[in-house]
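> Need a 3D model of the following:
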Amino acid sequence: MNQRDEADDRMIVELIVSGQKELFRLLINRYEQAVYGMGNGFFHNPEDISDFTQEVFLKVFRNLARFEGRSRFSTWLYKIAYNTAVNSVTRKKDYRSLAEDEAAAEEDSPERKLLRETARQAVMEAVSMLPERYRICVDLFFFYDRSYQEIEAITGFPVNTIKSHVFRAKKILREKLGDYRDI
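Numbering: from 1, shown residues only. Reported below is the predicted structural model:
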């Protein structure tokens, strides 16, 4: 998200708080897919993911006046989403990485597509075997393009811990996926 979008978010929030509540639909349209994707990592069926997404936006709407603008709106929203998910699931390895559900839509030869699909499945399997705290950091860093500071704001993990988790996860993945480097 660029600075213009972030400025738009802040302006939309101000207008909603001042009474133009119908504008909340703009924020839903902008972030619904990302929140749904985060929910997909925690929940395993579409109904639960939809309920989660709806609950997150309800919490965001109810607390919109508390958004102070000290962070990006998206960071604030993802923190609410993350906390909602963590509080909704039992802490028993329910988190499933976004990488497990993303397929590359490439226009390539059938052989190349098969190789890429095989590699993608290997990555999904390797990521799914990472400790939960590593998977969360990897998803937010690589798939949601969040900075270390934003991940800290979302998860509450210290920045150095996040850096360590991402570093260790990359090392583990590199070892597990060495055969797929050239695909």
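
> By mean pLDDT, flag the weakest helix or strand of the protein.
helix 110-128 (a mean of 76; mean pLDDT, DSSP states H and E).

> Let me know how buried Asp8 is, in neighbour terms.
For Asp8, the neighbour count with other CB atoms under 10 Å is 16. For every residue, glycine as well, the C-beta is placed using N, CA and C.

> Okay, it and Arg174: tell me how far apart.
According to CB to CB, to the nearest Å, Asp8 and Arg174 sit 39 Å apart.

> What lies in contact with stretch 32-39?
With contact meaning CB atoms under 8 Å, 6 or more residues apart in numbering, stretch 32-39 is reached by 48-50, 52-53, 56-57, 74, 77-78, 81-82, 85, 98, 101, 139, 143-144.

> try 6 Å this time
Ile49, Phe52, Thr53, Val56, Ala81, Leu98 (CB atoms under 6 Å, 6 or more residues apart in numbering).

> quick one: what helix or strand has the fifth one in it?
Spelled out, that is Ala81. Secondary structure from DSSP states H and E places Ala81 in helix 73-88.

> Would you mark the buried spots in that helix?
Neighbour-count burial for helix 73-88 flags Phe73, Ser74, Thr75, Trp76, Leu77, Tyr78, Lys79, Ile80, Ala81, Tyr82, Thr84, Ala85 (criterion: 16 or more other CB atoms under 10 Å).

> How about stretch 28-46?
Arg30, Tyr31, Ala34, Val35, Tyr36, Gly37, Met38, Gly39, Asn40, Gly41, Phe42, Phe43.

> just curious, which of those is nearest to Ser128?
Gly41 (10.4 Å; CB to CB).

> Could you pull up phi and psi at that closest one?
Main-chain torsions, Gly41, degrees, to the nearest 10: phi -70, psi -20.

> how about low-confidence regions in this structure?
Counting by pLDDT under 70, the chain has low-confidence residues at 1-3, 89-109, 112, 179-183.

> all helices of it, in order?
3-17, 24-42, 46-63, 73-88, 110-128, 132-138, 148-155, 159-176 (DSSP state H).

> Lovely, talk soon.
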